[in-house]
Every structure is written in structure tokens, then in C-alpha cells.
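J.: coordinates only, sequence not included:
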Ligand SMILES: [Cu+2]
């Protein structure tokens, strides 16, 4: 409960963004599950400005692993859902003023709990400014409503990885102000019949932090193409290393199983005993009981689990902590009614959002496959959430994945108490940049890309985000 109230109130007032939810082959893994989100819950959508700090690895506090790692088949499609309002599914990608490049990095880990900080990263794919279409990568992704997809290179050997989406906003860059980085990490176990350690050649291998240096063309670039600051340098230079697509045939450190035996995940997955999960918390059944004392012990256990759920709830919220409370209340009611045989059967329906009916195609989709979601209408295929009838599950079933679609304001239970906070997802339709310290006034309008000369800006034009304000 603690800071959820403040985060909820703030989240609707900003037009920044956060990677909250991982989809694998178009299936949502649940809000926040296997995702390292910002640990600064009241500024969760604020960008990382200092690319020299460890926050640039996976966001604020992101060098700490989360409990769960999600399995993905070799070559799977990964989708990173960014949200302007982290606890509101489908709340949109980022304010349209935030123009810049995007990329996906990966790193093979020696264990699922590795921090990810340091050497061994490589870039799978990136896109900057498309001169033909006059579109920045961020503008292309806005059409996909926050869903940013890539295909995992099929040559990656089995094992634990971090996949790190990176979205960079260049709109406020001046000689004194650096870009805004919106980064997070997905913990994924790639299941494959290829095994070994990925040897990344020097020309592609980077350290994070360290992959960007002050003065790099990609961080000093003037997107407005005016002459007030550094000379415009079209095309936009690559930010960070060149992208790399590994090929098994060229990597002597890899071997392919002759019997097509696939190496699967052995640790870090969501436990089978999980009745319900919220991000990287899972609720397990209370101990069976046959008397009054056992009954009330079960109630105590249930609420204790609930408290942990709220304490661990990341920026993407605690909607399933709220669902878990319905089980605790039922147990409580049964004990009060003198039913001391239990636990009783109880249906838990996950409140996690399902994936959209159509998820944006992979930005790096191979030729001959479905067209990449980079050209207009096709990429706008993301529609509203599917409002299925909720599936039901008995108390002994595995994690539920059903959802009740939410288009109305989301009500967040701020804990086991009776306080409720209503969160409005208005930032999706009415981006605002006026609520933050350090923000420019509402009279500051983005200058159209390509406009030459003449426009004069304050030195800190369009600055936004508390981190930026410190600069
Ligand atoms: Cu911003």
C-alpha cells in the first residue's frame, strides 16, 4: 500500500512512459511478470537521464533481479508494452512530442539472478530517423499504441537472458541537456536446441553503462534541424553499437543438438503452486485445517500473503493483490460462520489484462514472414482489449490469465484497508507536460521536424521529468 497512492495520483499527470508488461508470442505474461520496472514507484515513468549510471541498465533499481523469468521458444516474438499510466493497460506509448530512436539490446546471463550490469551486451535491432517517411522510431511505435515487438534471433543458445527495450526522447536536447532514456528489462529463458556461450565480437559487444559516451553524435543530435545548436547531422547517427544478428554457422562456441533436444528452463519460473500472481509475487494455498484454530491461522496466513503482495507491487499495480483479498475475506467469513473444515474451494479470477486481439508485428521481422509493423495501417492494427468472459479456475488450478477489460477509470485498492484510489487514464488522450517540476510552460510547442532556422528556444525547452529537472 505505502506509496501506491502517490504513484497513482502522479501517473495520470505525466506523459512519460514505462515498460510494464511482457508478451511472448502474443501471450501476456501478466502485468509486471518477468519485468524489471523502476523501483522509484512515485516517479516510475520518469526517464533515466544519466547514461553513465547503473540506472541505464534496466531503469532505476533495475540491476536487482525480479523473482520470475519467463520461458520463450527459440525465435519467439517478444512484445514490450510501454504505458504512460503504468497501472492502466493500453494507456498509450508516449507523448507525441517525445521523438527519438529506439532499440532492443540483449545479454546472455550466467544465472537468472544476474544484475545485467557491465560487459556482454549487444544490440539486436534499432531504428532512428526514417528520412523517407519523415518519422522517428518513437512516432512509428506510437501507432502501435505502446506495443513494441521484436523477434528473438533464432541462433541464440538456450539460457537466461535480459532483453532490454530502449526508447530515447531527443526533443529537449541542447548542449546542456541530455536525452531521456526509457529502459527496462525482461527476464527471459530462451529454450533452444542450440547450446553454448554466445561469443559476441568486439565490434558489437558493449558494456551497459558505457555503451554511450558524452559527445556521441546520437546523444547530441538536434532533431529540429535548426542552427541554434550543433549543426544538424542527417541522417541520425546510430546510438550505441551496430546491431548484430548472430548466426550459428559462424559461431564456434555454439553447438546444435543432433537429436533436436531442446534445453528448457530449470529455475526461476513461476511455481506450479501459484494460485494467483501479481507481477512477481505469487499467492499459494493456505494449510488445510479441521478446527477453529487452524481456520483462523489460515486467515492470518492469507492476509500476510496479501500484505507481501502490496509491498512488492511494482508500478504496474496491484490489481491481483485486490483479487487475492477476496479469497482472504471468504476464508474469514467461513471461520466466522463456524465452518472449520478447509480451506474451502474459492475461485480466483486474475485481473491481468489480456493481450490485444492483434499485437504489433515484430520491428525486425524476417523477409518473407508477416510484414513488419513499420508501414502505416498495418502497424495500426492494435485494437482495443478483448473483453472476453472471465475464465474461472478452481483454487487448485494454476495461474489464471483471464481478465475483465477495463476502459473505465481503474480503481486501485490501496491495501488491505478500506482506502480506494481512483486512477484516471486520461494521459492517453490528453498528454500534459505542465505538471512536473522543471517542465516548460504549456506555451512551448514542439517544432516540426525539418523546420529550419529561425525558431528560438529557451535553453531548457520541453524539459520534462524530475530527473531532467536536476540537470
Ligand atoms: Cu518526457
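T.: Yep, that arrived. Just so it is clear, the model here is predicted, and its values are computed rather than measured.
J.: can you count the residues close to the closest residue to residue 96 other than its chain neighbours?
T.: With Cβ to Cβ, 6 or more residues apart in numbering as the criterion, residue 96 has its nearest non-adjacent residue at 6.3 Å, and that residue is residue 142. (Each C-beta comes from the backbone N, C-alpha and C, glycine too.) Per other Cβ atoms under 10 Å, the neighbour tally for residue 142 reads 21.
J.: What of residue 346?
T.: There are 17 residues near residue 346, going by other Cβ under 10 Å.
J.: where does the chain have low pLDDT?
T.: Counting by pLDDT under 70, the chain contains low-confidence residues at 1-14, 225-234, 366-471.
J.: can you give me the helices for it?
T.: Counting by DSSP state H, the chain has helices at residues 4-11, 55-58, 137-142, 217-220, 292-312, 319-336, 466-469.
J.: now those helices as JSON lines including distance to the ion?
T.: Output for the helices of the chain, formatted as JSON lines (distance: least, Cβ to the ion, whole Å):
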{"stretch": "helix 4-11", "distance to the ion": "14"}
{"stretch": "helix 55-58", "distance to the ion": "16"}
{"stretch": "helix 137-142", "distance to the ion": "11"}
{"stretch": "helix 217-220", "distance to the ion": "15"}
{"stretch": "helix 292-312", "distance to the ion": "27"}
{"stretch": "helix 319-336", "distance to the ion": "26"}
{"stretch": "helix 466-469", "distance to the ion": "7"}
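J.: Output those helices in a markdown table; the columns should cover distance to residue 117.
T.: Below are the helices of the chain laid out as a markdown table (distance: least, Cβ to Cβ, whole Å):
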| stretch | distance to residue 117 |
| --- | --- |
| helix 4-11 | 25 |
| helix 55-58 | 5 |
| helix 137-142 | 25 |
| helix 217-220 | 20 |
| helix 292-312 | 22 |
| helix 319-336 | 30 |
| helix 466-469 | 19 |
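J.: Of the ones you listed, which stretch is the most buried?
T.: helix 55-58 (a mean of 25; mean count of other Cβ atoms under 10 Å).
J.: Does that helix pack against any helices or strands, and if so which?
T.: Counting by 3 or more Cβ pairs under 8 Å, 6 or more residues apart in numbering; DSSP states H and E, the packing neighbours recorded for helix 55-58 are strand 159-169, strand 180-183.
J.: strands paired with the longest one, and their directions?
T.: Translated: strand 159-169. strand 102-108 (antiparallel), strand 180-183 (antiparallel), strand 185-191 (antiparallel) (DSSP bridges).
J.: Tell me if that strand is near the ion.
T.: No: no part of strand 159-169 sits near the ion under the criterion Cβ under 5 Å from the ion; the closest distance found is 5.5 Å.
J.: can you offset everything so residue one is 40?
T.: Done: numbering now begins at 40, and the last item shifts to strand 198-208.
J.: thinking again about what came up before, tabulate the helices and strands packed on helix 94-97 (a markdown table), appending mean neighbour count.
T.: Listed next are the helices and strands packed on helix 94-97 as a markdown table, based on neighbours: other Cβ atoms under 10 Å:
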| stretch | mean neighbour count |
| --- | --- |
| strand 198-208 | 25 |
| strand 219-222 | 25 |
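J.: could those strands go into JSON lines alongside distance to residue 333?
T.: Converted to JSON lines, those look like this (distance: least, Cβ to Cβ, whole Å):
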{"stretch": "strand 198-208", "distance to residue 333": "40"}
{"stretch": "strand 219-222", "distance to residue 333": "47"}
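J.: Nearest approach to residue 282 belongs to which of those?
T.: Set against residue 282 and scored by Cβ to Cβ, these come closest in strand 198-208, at 11.9 Å.
J.: now that closest one: how far from the chain's centre is it?
T.: Remark: strand 198-208 is offset 9 Å from the chain centroid, using Cα atoms, centre = their mean, to the nearest Å.
J.: what's the answer for stretch 129-146, then?
T.: On Cα atoms, centre = their mean, the centre of stretch 129-146 falls 11 Å from that of its chain.
J.: Contact partners for the residue nearest to residue 135?
T.: Each residue near residue 181 by Cβ atoms under 8 Å, 6 or more residues apart in numbering is listed here: 131, 132, 133, 135.
J.: Tell me which of the helices of the chain lies nearest to residue 214.
T.: Residue 214 sits nearest to helix 256-259 of all the helices of the chain, at 7.5 Å, using Cβ to Cβ.
J.: just checking, what packs against that closest one?
T.: Using 3+ Cβ pairs under 8 Å, 6+ apart, helix 256-259 is in contact with no helix or strand.
J.: what's it in contact with?
T.: With Cβ under 8 Å, 6+ apart, helix 256-259 has contacts from 90, 140, 167, 212, 214, 217-218, 251, 269, 272, 275-279.
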